[in-house]
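sequence first, predicted coordinates after that:
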Amino acid sequence: MNLREGPGAKYVVVAVIRKGVAVSIIEVEGTWSHVRIDDAVTGWVANSTISPPAP
């Protein structure tokens, strides 16, 4: 999935996250979530591209 600078497809892609990589949600704005990948990397992803962890 694409990690973007802001909450929308018009923002620049700053990284591509592989399927299965865990993210922490910082905030949700409409259909976009501000997420953290690790201590240094944050960005926005479309809510449709993320899902809860498998049990």
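Alright, I've got the coordinates.

check contacts around Pro7.
Pro7 makes contact with Glu29, Gly30, Trp32, His34, Trp44 under the criterion CB atoms under 8 Å, 6 or more residues apart in numbering. The C-beta positions use only the backbone N, C-alpha and C, and glycine is treated the same way.

how many neighbours does Ser48 have?
Number of residues near Ser48 (other CB atoms under 10 Å) recorded here: 9.

could you look up the SS state of the residue most central in space within the chain?
Taking CA atoms, centre = their mean as the criterion, Val45 is the residue nearest the geometric centre of the chain, at 3.2 Å. Val45 falls in the strand class when you classify it by DSSP: H, G, I helix; E, B strand; the rest coil.

ok, it to Pro55 distance?
In this view, Val45 and Pro55 are 22 Å apart by CB to CB, to the nearest Å.

tell me how far the residue nearest to the centre of the chain lies from Lys19.
Val45 sits 12 Å away from Lys19 when distances are taken as CB to CB.

where are the low-confidence patches of the chain?
Counting by pLDDT under 70, the chain contains no low-confidence segment.

where do the helices of it begin and end?
In chain order, the chain shows no helices, with DSSP state H as the criterion.

hmm, back to that, identify the contacts common to Val45 and Lys19.
Here Val45 and Lys19 share the contacting residues Met1, scored by CB under 8 Å, 6+ apart.

return the distance of stretch 33-53 from the chain's centre.
The chain centroid and the centroid of stretch 33-53 are separated by 2 Å, computed with CA atoms, centre = their mean, to the nearest Å.
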